[in-house]
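Enquirer: 3D, please:
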Amino acid sequence: MTRIVRFFLVFGIGLLALDAALYAFVADRTPDAIRPKVTSSGTAAIGGPFELVDTDGKQVSNQTYRGKWMLIYFGYTFCPDACPTALSNMGIALQALGAEANAVQPLFITVDPKRDTVATLHSYLQSFDPRIIGLTGSEAQIGAVAKTYRVYVEPQKPEVDGNYLVDHSSYLYLMNPNGTFVDVVQSTTPPAQIADWLRKSMKDHTT
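Expert: Here you go, the predicted structure:
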């Protein structure tokens, strides 16, 4: 075996190993990889009680939205690309649902409560579907709800100017009108497919 052939063989094996490591790193931080506990009824143990503040400054809880299908996305207003894409897809999907969207309450829960105040959330969401309600709270409250929904959140080291990014999982969570977890879908899913997913999920899980 020549030296150059040996080099590219080792290089190729190294790339495969790196790719596998990166896949494991990302997969380990997605809802599917978390393998949440399952209740006695066979429902994934995702979601639960929360108490936060909405974009009108009102205290709300998970009980506030009972009777509605909650479509929840976790993100933050300083997010450069994933969050704007997710919220845009959410809004377009709701428009595609037409009157069926009246049964859905879309929520945007921040994972960056230090910067995402009520005013910041309110201003940010003006660029998206007006039905999307932003929720924030204390660091403890946000940490608790992120844990309950199995959301991966990892703030990065601040830059010289103090700004920082927050790594986070990017899924849309669907909870039924009783607050029980139904399913998740990747936020990058095309809006038409999200609308179809919502329509089918609501039909299949209506009691």
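Enquirer: For A119, the count of nearby residues, please.
Expert: When neighbours are counted by other C-beta atoms under 10 Å, A119 registers 11. From N, CA and C alone the C-beta is placed, and that goes for glycine too.
Enquirer: repeat for the one 3 residues further on
Expert: Applying the criterion other C-beta under 10 Å, we find 15 residues in the vicinity of H122.
Enquirer: Look up how far H205 lies from it.
Expert: Remark: distance between H122 and H205 (C-beta to C-beta, to the nearest Å) = 32 Å.
Enquirer: ditto for C83
Expert: Separation of C83 from H205 (C-beta to C-beta): 27 Å.
Enquirer: So between these two, which is more surrounded?
Expert: Each of C83 and H205 has its neighbours counted (other C-beta under 10 Å); C83 has more, 24 against 15.
Enquirer: got a list of what that one touches?
Expert: By C-beta atoms under 8 Å, 6 or more residues apart in numbering, C83 lies in contact with 73, 75-77, 170.
Enquirer: any idea which of those is the one closest to E154?
Expert: Using C-beta to C-beta, Y76 comes nearest to E154 of these, at 12.1 Å.
Enquirer: Now that closest one: phi and psi?
Expert: Per-residue torsions, Y76: phi -160, psi 160 (degrees, to the nearest 10).
Enquirer: hang on, it packs against I109?
Expert: No: taking C-beta atoms under 8 Å as the definition, Y76 is not a contact partner of I109, at 9.6 Å.
Enquirer: can I get the contacts of C83 in CSV with secondary structure and neighbour count?
Expert: As requested, those are exported to CSV (DSSP: H, G, I helix; E, B strand; the rest coil; neighbours: other C-beta atoms under 10 Å):
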residue, secondary structure, neighbour count
Y73, strand, 21
G75, strand, 25
Y76, coil, 26
T77, coil, 19
S170, coil, 20
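Enquirer: Which one of these is nearest to N89?
Expert: Y73 (9.3 Å).
Enquirer: Which pLDDT value does the model give that closest one?
Expert: For Y73, the pLDDT comes out at 98.
Enquirer: State the distance from it to M202.
Expert: Using C-beta to C-beta, Y73 is found at 17 Å from M202.
Enquirer: can you give me the helices in this structure?
Expert: 3-27, 31-34, 82-97, 118-124, 139-148, 191-204 (DSSP state H).
Enquirer: Keeping just the C-alphas, turn the third one into PDB.
Expert: Coordinates of each C-alpha in helix 82-97 appear next as PDB, following Å, rounded to 0.1, in the frame of the first residue of the first chain:
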ATOM      1  CA  ALA A  82     -33.700  28.500  13.900                       C
ATOM      2  CA  CYS A  83     -36.300  30.400  15.800                       C
ATOM      3  CA  PRO A  84     -37.500  32.800  13.100                       C
ATOM      4  CA  THR A  85     -37.800  29.800  10.800                       C
ATOM      5  CA  ALA A  86     -39.800  27.900  13.300                       C
ATOM      6  CA  LEU A  87     -42.200  30.700  14.100                       C
ATOM      7  CA  SER A  88     -42.700  31.500  10.500                       C
ATOM      8  CA  ASN A  89     -43.400  27.900   9.700                       C
ATOM      9  CA  MET A  90     -45.800  27.800  12.700                       C
ATOM     10  CA  GLY A  91     -47.700  30.800  11.400                       C
ATOM     11  CA  ILE A  92     -48.000  29.600   7.800                       C
ATOM     12  CA  ALA A  93     -49.200  26.200   9.000                       C
ATOM     13  CA  LEU A  94     -51.900  27.800  11.100                       C
ATOM     14  CA  GLN A  95     -53.000  29.800   8.100                       C
ATOM     15  CA  ALA A  96     -53.200  26.600   6.100                       C
ATOM     16  CA  LEU A  97     -55.500  25.100   8.700                       C
END
